[in-house]
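> Sequence first, predicted coordinates after that:
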Amino acid sequence: MYPDWLKITLDLLGALLRMIGMLLLGMGAGWLTLEFLRKAQQAWQLQIAIFLGFVGLLIAMARFTSAAALGGFGIGIGIAIFIWGLPKAQPKAEAEKPAKK
């Protein structure tokens, strides 16, 4: 019914849009997970529940989504961990101040 080139083009465009959407969803899920883990530092049970929920989400995504969507989600989580999960570097001016005696 449709020409082959149109079907291929629409399939590629759909996969690209799905990957971009999952990349953004992965960044949001990564930020939310890191935020909840920071706020639950006194309650280790809550940290375990957050971690198991996140792992369950990853397992479900690996089972029920396409490769492009899972790749975008994984890249989004990686970006979120690098942006919001790593400790912030202190400015050099504060680190080089001599201690007052």
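Yes, it's here. Being a predicted model, the structure only gives us computed values, none of them experimental. Numbers count the residues shown, from 1 in each chain.
> Tell me which residues are up against the helix or strand encompassing Phe54.
With secondary structure defined by DSSP states H and E, Phe54 is part of helix 44-64. Surrounding helix 44-64, the residues in contact under the criterion C-beta atoms under 8 Å, 6 or more residues apart in numbering are Ala29, Thr33, Phe36, Leu37, Ala40, Gln41, Ala69, Leu70, Phe73. Backbone N, C-alpha and C define where each C-beta goes, glycine included.
> Repeat the analysis, applying 7 Å as the threshold.
With C-beta atoms under 7 Å, 6 or more residues apart in numbering as the test, helix 44-64 has contacts from Ala29, Thr33, Phe36, Leu37, Ala40, Leu70, Phe73.
> Stretch 71-85 too?
Looking at stretch 71-85 with C-beta under 7 Å, 6+ apart, the contacting residues turn out to be 19-20, 22-27, 29-31, 34, 61.
> Try it again at 8 Å.
Against stretch 71-85 from outside (C-beta under 8 Å, 6+ apart): 18-31, 34-35, 61, 65.
> Using PyMOL, define a selection of the buried residues within those.
Here is the PyMOL command that picks out the buried ones among the contacts of stretch 71-85, judged by 16 or more other C-beta atoms under 10 Å:
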select buried, resi 18+19+22+23+25+26+27+29+30+31+34+61
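> Alright, I will stop here.
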